[in-house]
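>>> model this:
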Amino acid sequence: MIGLRGAARYLSPAFQDAFELECEALSHVRNEMGLRNVELMVPFCRTPEEGKEVIQILNANGLEKGRDGLKVWVMCELPSNVFAIDEFAKVFDGFSIGSNDLTQLVLGVDRDSGLLADLFDEDNAAVKEAISQAIKGAHRNGKEVGLCGQAPSDKPHFAGFLVDLGIDSISLTPDSVMQAIEIVSEAEKKKSLNNEIKQVISSEKAKQDEYGVASTQLSA
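Okay, here's the model as predicted:
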């Protein structure tokens, strides 16, 4: 699960012909068929330097980042993506949190191991903290961030957690969409109400401070 995959495979001489063929297909879709809404996502990118090298290959194969609105995103599924998100933000246009891989790598639990299945948990405090840091880091750098993975589909309450953090998009399995929509709607209403309450409290506090200053000046 953590071998030659993602960006490292794209950069491997053994995979060069295959990756160039993938680039050719995507270039045809965007540049010949005119489907400019197709964007690219680089998975399992361990370092910003790997990301830069992948983008150089994309540029050389008719997929120039920024040309005709082409965006290149990166999967945020490694602890390194979270810890160095400010550097990754300089390379990519946005992030998609891969909760499955991020969970297994934060907890050191192979997600395909039946022997450790009870330890694989997106609700784990460390995993949720990593997701929280990723969302905050992406927004700090003015980048969009979404999440793809089983968590919001298998655990609908997880969608509410993501809304509270201000995530921009959530990927769901078809059978969980309706329930998740209800949960997201309720979470957004709650968040909106809390923001309104905070604004009212802040406004009232400002008025009190203003009157307090005026009273002191008059008594002086």
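>>> can you tell me which residues contact Glu188?
Val163 (CB atoms under 8 Å, 6 or more residues apart in numbering). C-beta coordinates here come from the backbone N, C-alpha and C atoms, glycine included.
>>> From Gly142, how far out is it?
Using CB to CB, to the nearest Å, one obtains 22 Å as the distance from Glu188 to Gly142.
>>> State whether Ile167 and Ala134 are indeed in contact, as I suppose.
No. Taking contacts as CB atoms under 8 Å, Ile167 lies outside contact range of Ala134: 9.5 Å.
>>> between those two, which one's more packed in?
Between Ile167 and Ala134, Ala134 has the larger neighbour count (other CB atoms under 10 Å), namely 25 against 22.
>>> What distance do you get for the more buried one to Val74?
11 Å.
>>> counting contacts, what elements does the helix or strand containing Trp73 pack onto?
Assessed by DSSP states H and E, Trp73 sits inside strand 72-76. With contacts taken as 3 or more CB pairs under 8 Å, 6 or more residues apart in numbering; DSSP states H and E, strand 72-76 sits against strand 40-42, helix 48-60, helix 79-83, helix 85-88, strand 94-98.
>>> Quick one, which of those gets closest to Ala180.
Closest to Ala180 of the helices and strands packed on strand 72-76 is strand 94-98 (CB to CB; 16.0 Å).
>>> what lines up beside that closest one in the sheet?
strand 72-76 (parallel), strand 144-148 (parallel) (DSSP bridges).
>>> related to what we said a few turns ago, which neighbours do Ala134 and Val74 share?
Common neighbours of Ala134 and Val74, counting by CB under 8 Å, 6+ apart, are Asn81, Phe95.
>>> burial count for the residue nearest to Pro48 when sequence neighbours are not counted?
Nearest non-adjacent residue to Pro48, counting by CB to CB, 6 or more residues apart in numbering: Glu87, 4.4 Å away. For Glu87, the neighbour count with other CB under 10 Å is 15.
>>> What separation do you get for Glu87 and Thr47?
8 Å.
>>> next one: Leu40
18 Å.
>>> Tell me which of the two has more neighbours.
A count of neighbours by other CB under 10 Å puts Leu40 above the other of Leu40 and Thr47, at 20 against 17.
>>> deepest of the helices and strands packed on strand 72-76, which one?
Of all the helices and strands packed on strand 72-76, strand 94-98 carries the top mean neighbour count, a mean of 25, counting by mean count of other CB atoms under 10 Å.
>>> can you list the residues that contact that one?
41, 43, 71, 73-77, 81, 85, 88-89, 131, 134-135, 138, 143-149, 171.
>>> one more time with 7 Å, if that's ok
Under the criterion CB atoms under 7 Å, 6 or more residues apart in numbering, residues 41, 71, 73-77, 131, 134, 138, 143-149 lie in contact with strand 94-98.
>>> which ones are touching the residue lying closest to Asp93 once chain neighbours are set aside?
Of all residues not flanking Asp93 in the chain, Lys71 sits nearest, at 4.0 Å (CB to CB, 6+ apart). For Lys71, the contact set (CB under 7 Å, 6+ apart) comprises Glu39, Asp93, Gly94.
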